[in-house]
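Asks: no sequence on hand, only this structure:
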């Protein structure tokens, strides 16, 4: 029985994209291990990726579920090859969305809005942490 409609909220696509982005090492985010671990939340949110979803439902497309387009606004760490990072992001996000939702991904536009130096990460971490050594 296939009666009825399944609707996926835009926020679900955003969360899937964020989870997929965690698998691409060169995008700045709080969850990264090592030197980026433990950075204060306020600093991290300043560099958190912003994702906008544009969705077309199935009745307007050839795909049984629908299609989406995404705009990603990201921060990268200085020294990465930006076109390669963008390509990795597009591939990973497309794969995850298509697998988990059945939606086709029409396009993903990546906007690199900031680039940060590795030492900036360390500086912000040191400034934001409290110390007990006094």
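Replies: Thanks, I have it. Keep in mind that this is a model prediction, so the values were computed, not measured. Residues are numbered from 1 along each chain as shown.
Asks: now the element after the one helix or strand residue 76 maps to, going C-ward?
Replies: Residue 76 belongs to strand 66-77 when assigned by DSSP states H and E. Downstream of strand 66-77, the first helix or strand assigned by DSSP H and E is helix 82-101.
Asks: neighbouring contacts of that next one?
Replies: By Cβ atoms under 8 Å, 6 or more residues apart in numbering, the list of residues contacting helix 82-101 from outside reads 8, 12-13, 16-17, 19-21, 23-24, 26-27, 65, 68, 70, 72, 74, 76, 103-105, 108, 110, 112. (C-beta placed from N, C-alpha, C; glycine too.)
Asks: shaky segments in the protein?
Replies: 1-2, 28-47, 58-63, 121-134 (pLDDT under 70).
Asks: at 80 what do you get?
Replies: Applying pLDDT under 80 to the chain flags the ranges 1-6, 25-49, 56-64, 118-134.
Asks: for it, what spans make up the helices?
Replies: 10-21, 41-47, 82-101, 118-128 (DSSP state H).
Asks: for those, which one sits closest to residue 53?
Replies: Closest to residue 53 of those is helix 10-21 (Cβ to Cβ; 4.2 Å).
Asks: narrow the contacts of helix 82-101 to those that are buried.
Replies: Neighbour counting with 16 or more other Cβ atoms under 10 Å marks 8, 13, 16-17, 20-21, 24, 26-27, 68, 70, 72, 74, 76, 103-105, 108, 110, 112 as buried within the contacts of helix 82-101.
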